[in-house]
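>>> below: sequence and its predicted model.
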Amino acid sequence: MVAHDPQQKLTGQKILVTRPAAQADGMATLIEQQGGEAILFPVIEIVAIDVIDWQVWHPEQTDWLVFVSRNAVDCFMAGFQGHLPDNIKLVAAGEGTAQALNHQGLAVELVPEISNGSEGLLQLPQWQQMHGQHVVIVRGDGGRELMADTLRARGASISYLEVYRRQLPSVSVSLVQQACLADSLIATSAGSVHNLLRLLSTECPQILQKPLCVVSERIRDFAVEQGFKQVYVSLDASDEAIIQRLIEMGSDHGA
């Protein structure tokens, strides 16, 4: 019999990772380092919008260029041709997004200490007075309006640059069967929760009974509205915080 390493706090746990395929590897590695098994089950497919279909924007008139996710960075850099003016200040919604910008050789002016989306950015002291500032938000099609509405109220002008769209992926029968075996689930957006149910609720109705880890109270409330019975919120949206919450969830259930 092989002895389990007591330092591996997720030993024996199957964790469903619902992030888009390009973003799942880091989380899977951390789960495996803790002795768990990661089941990769992307519930959102990211499709880049062709640069010819981007909204017109004027870099020379932009004060702040805000990237809401790693997908925003990757799709922007895949389509943008040219050099960003030195006057533009780059903002990342979280540490993962900042790392993606750094990987592209771009310096980040602002990143919140806690990765929790718009709420974290809006708490930054540099963004409390925004009169005369032009902010361009790089994102996918659609999305929350909290950041834009709040910055407008603080005096900024806001534009969107939508560089990707989200769609429901096609999944195989075998992958659905694997997903149904998961002990716990991770969802990092309300859209992930919605698509997870679209993909699994028929074949795996017990999904609503499984412990679900989310990254904000807003997503928790949405998940509860959808019928999930056990929803836990991580300290922030970082991979490390999610892993810590998964470990705590296991402890709560006597794992």
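Great, that's in hand. Just so we're clear, the structure is a prediction, and the values are computed from it rather than from any experiment.

>>> how about the strands in the stretch 1-150 of the chain?
Ranges of strands in the stretch 1-150 of the chain, per DSSP state E, counting those that start in this stretch, are 14-17, 37-40, 45-48, 64-67, 89-92, 134-140.

>>> could you dump those to TSV with distance to Val193, mean pLDDT and mean neighbour count?
Bear in mind the C-beta positions are built from the backbone N, C-alpha and C, glycine included. Formatted as TSV, the strands of the stretch 1-150 of the chain follow (distance: least, Cβ to Cβ, whole Å; pLDDT from 0 to 100; neighbours: other Cβ atoms under 10 Å):
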stretch	distance to Val193	mean pLDDT	mean neighbour count
strand 14-17	12	97	23
strand 37-40	17	96	19
strand 45-48	16	94	16
strand 64-67	23	96	25
strand 89-92	24	96	23
strand 134-140	16	96	23
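
>>> would you list the ones you listed in CSV and tack on distance to Glu113?
Compiled in CSV, the strands of the stretch 1-150 of the chain are given as follows (distance: least, Cβ to Cβ, whole Å):
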stretch, distance to Glu113
strand 14-17, 25
strand 37-40, 27
strand 45-48, 27
strand 64-67, 17
strand 89-92, 12
strand 134-140, 20
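
>>> who are the contact partners of Ala100?
Applying Cβ atoms under 8 Å, 6 or more residues apart in numbering to Ala100 gives the contacts Phe67, Arg70, Val73, Asp74, Ala92.

>>> what's the local residue count around the fourth one?
In this case it means Asp74. Neighbour count for Asp74, taken as other Cβ atoms under 10 Å: 20.

>>> what do you get for the third one?
Under the neighbour criterion other Cβ under 10 Å, Val73 is assigned a count of 25.
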